[in-house]
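> sequence and predicted structure below; questions after.
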Amino acid sequence: MKKSLSALCVLACFAQPAMAATLNLGAAGFTQAQFKAFSEDMGSALSYKGVTPAAPLGVTGFDLGVEVTSTQLQNSALFTKAGGNASTTSLIVPKLHIAKGLPMGFDIAGFYSAIPTTGISLYGAELRYAILDGGIAEPAVGIRGSFSKLSGVNAWSLDTKAVDVSISKGFAMLTPYAGVGSVWTNSSTTGTGLASESFRQNKIFAGANLNLGLANIAVEYDKTGAAPSYSAKLGFRF
């Protein structure tokens, strides 16, 4: 576990060397409209990304991986205003992600992230149920509930909740998948005079999982609200 967390930190440092300031919304001087636009970007970037097919893992199944998500910020100037680096147009979020299969078609999963130099710590979890397990002739269909929660940034709190449905179909080692859903974001500040922002954003996503025995590679495209995200996960799935 410690080795995996260290790998995440090293990966993040290489992925976003330009970010050199800790976010501080107390000093950002946002208007209400700017705070909402900033929160929409952050809700898209920090909401839960499954990066997995709809098929259940099974009672003995595990999925453990190091994951990176890059989200194209639609209001990068506001990220700079909040204390981020002016050259940052995409927010890179490294994660340690783990999932475990449960009985009766259920899976449970979670992640942890610490984004270097921003002050952001982030964690999230999901519970997924396979409506259809999938097989040779039929796809798998799953429904998922998830959440994520941020901490570590001065004068700012943010959490997201999401529901989505996905479909996948395996072809030998490759399993493409796609889904749709909704994400609800709550974002608030203290000591700024700004009202809290709560809103819903539509979500679409598609990806593919390549299983090479114990080694596993997964990639996913996600668009939550107006912001596109690209995720990649490398690990073990069995």
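Nice, I can see it.
> and the strands in this protein, which stretches?
In order along the chain, the chain carries the following strands (DSSP state E): 62-72, 90-101, 106-114, 121-132, 140-151, 156-168, 174-189, 197-212, 215-224, 227-237.
> any chance of JSON lines for those, columns mean neighbour count, mean pLDDT and distance to Gly29?
In short, each C-beta sits where N, CA and C put it, glycine included. Listed next are the strands of the chain as JSON lines, based on neighbours: other Cβ atoms under 10 Å; pLDDT from 0 to 100; distance: least, Cβ to Cβ, whole Å:
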{"stretch": "strand 62-72", "mean neighbour count": "20", "mean pLDDT": "96", "distance to Gly29": "24"}
{"stretch": "strand 90-101", "mean neighbour count": "22", "mean pLDDT": "96", "distance to Gly29": "21"}
{"stretch": "strand 106-114", "mean neighbour count": "20", "mean pLDDT": "98", "distance to Gly29": "27"}
{"stretch": "strand 121-132", "mean neighbour count": "18", "mean pLDDT": "97", "distance to Gly29": "24"}
{"stretch": "strand 140-151", "mean neighbour count": "20", "mean pLDDT": "98", "distance to Gly29": "20"}
{"stretch": "strand 156-168", "mean neighbour count": "20", "mean pLDDT": "98", "distance to Gly29": "14"}
{"stretch": "strand 174-189", "mean neighbour count": "19", "mean pLDDT": "98", "distance to Gly29": "11"}
{"stretch": "strand 197-212", "mean neighbour count": "17", "mean pLDDT": "97", "distance to Gly29": "16"}
{"stretch": "strand 215-224", "mean neighbour count": "20", "mean pLDDT": "97", "distance to Gly29": "27"}
{"stretch": "strand 227-237", "mean neighbour count": "19", "mean pLDDT": "96", "distance to Gly29": "23"}
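> in a markdown table: those strands, plus distance to Leu23.
Shown next, in a markdown table, are the strands of the chain (distance: least, Cβ to Cβ, whole Å):
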| stretch | distance to Leu23 |
| --- | --- |
| strand 62-72 | 15 |
| strand 90-101 | 11 |
| strand 106-114 | 13 |
| strand 121-132 | 12 |
| strand 140-151 | 10 |
| strand 156-168 | 7 |
| strand 174-189 | 11 |
| strand 197-212 | 16 |
| strand 215-224 | 20 |
| strand 227-237 | 17 |
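> to Gly26, which of those strands lies closest?
strand 174-189 (7.2 Å; Cβ to Cβ).
> quick one: work out the angle between that closest one and strand 156-168.
Strand 174-189 and strand 156-168 are oriented at 160 degrees to each other (axes from the mean of the first three to the mean of the last three Cα atoms, to 10 degrees).
> relative to strand 140-151, how tilted is strand 174-189?
Using the same axes, to 10 degrees, strand 174-189 lies at 30 degrees relative to strand 140-151.
> picking that back up, between the strands of the chain, which gets nearest to Ala82?
Once the strands of the chain are compared by Cβ to Cβ, strand 156-168 is nearest, at 8.2 Å.
> list the neighbouring strands of the closest one plus their orientation.
strand 140-151 (antiparallel), strand 174-189 (antiparallel) (DSSP bridges).
> could you dump those to TSV with distance to Ser39?
Below are the strands paired with strand 156-168 laid out as TSV (distance: least, Cβ to Cβ, whole Å):
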stretch	distance to Ser39
strand 140-151	11
strand 174-189	4
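> so how far is Val93 from the closest residue to Gly179 other than its chain neighbours?
Distances taken as Cβ to Cβ, 6 or more residues apart in numbering place Ser166 nearest to Gly179, at 3.1 Å, with adjacent residues excluded. Going from Ser166 to Val93 by Cβ to Cβ, to the nearest Å gives 21 Å.
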